[in-house]
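**Student:** only geometry, no sequence info:
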């Protein structure tokens, strides 16, 4: 049996083809495509080109694939987009049975080896997804960087900018945060900050706003009290996503496995410590992610066809394979 996996984000779209012996026949990465940025016809044409390149690497036809699982950005978030995505995948991989899910699902699958539990992602945005092993599936958060996604890199950067404004006009005392933001925005007058931030982020483009999270992380690591408060609040918000799913779903285990990923967690320190403490207090079992989302997509494709040990071996092999 042969399985296809795809982890598709706005930056890149990665594919892998793997058999049940763990042999990875092909692993390729392409520029990211989304229906928010690419029209339906362009989306389909690009995806077909990616499929042709991948299948040529493996030397197989799409109809030879037992099952494909594609984690696609935005899937499930628009009634109009779903059929367009499904038609595009069907055209790109003719004859291949397929499962289409949101990219948060393959993140969960990789982190927890497609086993019951909850996975929270805190990158540009923030979202949690869980499955309870009894057919229950649910997500929490991830609505929009503009009006949700608390605890994300975008949210942390936005909170940092808000603190800068409040320090600039005297509502709260100045800390090291004030001078660092002045330097980062390349300004000498704080009244120029809104225009400078808009220009530096290309009109509040999410990924470019989120990049300012690194400034806040440095301030937190240096002990700035305002930055520490933001990261403590971020941990609280991210745990709230998890605790909501823990109550929404019906897990058999008393200690529900919880995993995490994303750039915000890579800073560790205060945020991960506080998040971990919340989990421990709630009786949840916090664990580092086992594999990445591309391996997770393979696991999601194969989980109903192979036993747990074979599935884990396949995912490990994909996770260790360089994606060119």
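**Tutor:** Structure's in. What do you need? Note that the coordinates shown come from a computational prediction; the quantities given were computed from them, not determined experimentally.
**Student:** mind listing what's buried along stretch 174-183?
**Tutor:** 175, 177, 178, 180, 181, 182 (16 or more other C-beta atoms under 10 Å). Any C-beta I mention is one placed from the backbone N, CA and C, and that applies to glycine too.
**Student:** er, stretch 310-324 I mean
**Tutor:** Residues of stretch 310-324 classed as buried by neighbour count (16+ other C-beta under 10 Å): 311, 312, 314, 315, 317, 318, 319, 321, 323.
**Student:** go on, stretch 132-152?
**Tutor:** Per 16+ other C-beta under 10 Å, stretch 132-152 contains these buried residues: 132, 139, 140, 141, 142, 145, 149, 150, 151, 152.
**Student:** also stretch 216-223?
**Tutor:** 216, 217, 219, 220.
**Student:** again with stretch 248-260
**Tutor:** Within stretch 248-260, judged by 16+ other C-beta under 10 Å, the buried ones are 249, 251, 256, 257, 258, 259, 260.
**Student:** stretch 82-98 now?
**Tutor:** Buried-residue list, stretch 82-98, by 16+ other C-beta under 10 Å: 82, 84, 85, 88, 89, 92, 93, 96, 98.
**Student:** tell me where this structure has helices.
**Tutor:** 40-58, 81-92, 103-111, 153-168, 176-185, 193-200, 206-210, 213-221, 225-248, 263-266, 269-281, 293-302, 308-320 (DSSP state H).
**Student:** read off the pLDDT value for residue 10.
**Tutor:** Note on residue 10: pLDDT of 72.
**Student:** in this structure it contacts residue 73, no?
**Tutor:** Yes. At 5.7 Å, residue 10 counts as touching residue 73 under the criterion of C-beta atoms under 8 Å.
**Student:** now the common contact residues for those two.
**Tutor:** 32, 34 (C-beta atoms under 8 Å, 6 or more residues apart in numbering).
**Student:** who has more neighbours, the two?
**Tutor:** residue 73 (21 against 17; other C-beta atoms under 10 Å).
**Student:** bridging residues for the one residue sitting closest to the centre of the chain?
**Tutor:** Geometric centre of the chain, nearest residue: residue 121, 5.0 Å, by C-alpha atoms, centre = their mean. On the basis of DSSP bridges, residue 121 is bridged to residue 127, residue 261.
**Student:** low-confidence ranges, the protein, go.
**Tutor:** Within the chain, the stretches with pLDDT under 70 are 36, 38, 40.
**Student:** for the closest residue to residue 255 other than its chain neighbours, give me its contacts.
**Tutor:** Sequence neighbours aside, residue 285 is the residue nearest to residue 255 in space, at 4.4 Å (criterion: C-beta to C-beta, 6 or more residues apart in numbering). By C-beta under 8 Å, 6+ apart, the contact set of residue 285 is 255, 256, 257, 258, 279.
**Student:** so who does the first one touch?
**Tutor:** With contacts defined as C-beta under 8 Å, 6+ apart, residue 255 is in contact with 283, 284, 285.
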